[in-house]
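Engineer: coords please:
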Amino acid sequence: MIGFVSRGVSDWRRQLREEVKRPRKSSWVVSNLGAMEGKPSDGLSEEGQEEDGWSITRMSMTLCANGVASAFGIAVASVKGGDLVVSVSWQEGVVDEKVGDAFVVAMERWLRLVAERQRRREG
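Structural biologist: Here you go, the predicted structure:
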C-alpha cells in the first residue's frame, strides 16, 4: 500500500503536517494476528515418533501510536489453545491517561463477558 500511495505524494513531511490539522477519521483501529499454531509441525518425526522441540505458548503484539490515524490502537493475538492477549496503545498528549485506562478496563470487562457467554453455550 505504501508503494501505491507514495506515487501521489512528493513531499511526505508536508503531507503529514496537513494530515495532523484534520480531524482523525476513526477513534480506534484493531489489528488481529489471529490464533497462531504453537508448534511448527505436528510434533512427529518422519518415522512417526514424537519429537521434542520448541513451541510457542504465548504471543503478543502492539501497535505504535500514530499521529495522523486512530487515537487508540488495539492489537489482538493468541496461540491456539492459549490465552487471548489484547494490547491497547495511544499517543500521550492526545488521549488522557485516565480515559485510556478506563477504555482498557471497559474492554476487559466486555471481553470477559463475551468469553463467559461462550463458555455457557459450549458447556
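
Engineer: May I have the phi/psi pair for the residue nearest the centre of the chain?
Structural biologist: Per Cα atoms, centre = their mean, the C-alpha nearest to the average position across the chain is that of Ala75, at 1.2 Å. Backbone torsions of Ala75, given as degrees, to the nearest 10, read phi -120, psi 130.

Engineer: what residues are up against it?
Structural biologist: For Ala75, the contact set (Cβ atoms under 8 Å, 6 or more residues apart in numbering) comprises 30-33, 60-63, 86-89. (Each C-beta comes from the backbone N, C-alpha and C, glycine too.)

Engineer: Quick check on those: which are buried?
Structural biologist: The neighbour-count test (16 or more other Cβ atoms under 10 Å) marks 63, 86, 88-89 as buried among the contacts of Ala75.

Engineer: Does the lengthiest helix in the chain pack against any helices or strands, and if so which?
Structural biologist: What stands out as the longest helix in the chain, according to DSSP state H, is helix 97-122. On a contact count with 3 or more Cβ pairs under 8 Å, 6 or more residues apart in numbering; DSSP states H and E, helix 97-122 meets strand 72-79, strand 84-90.
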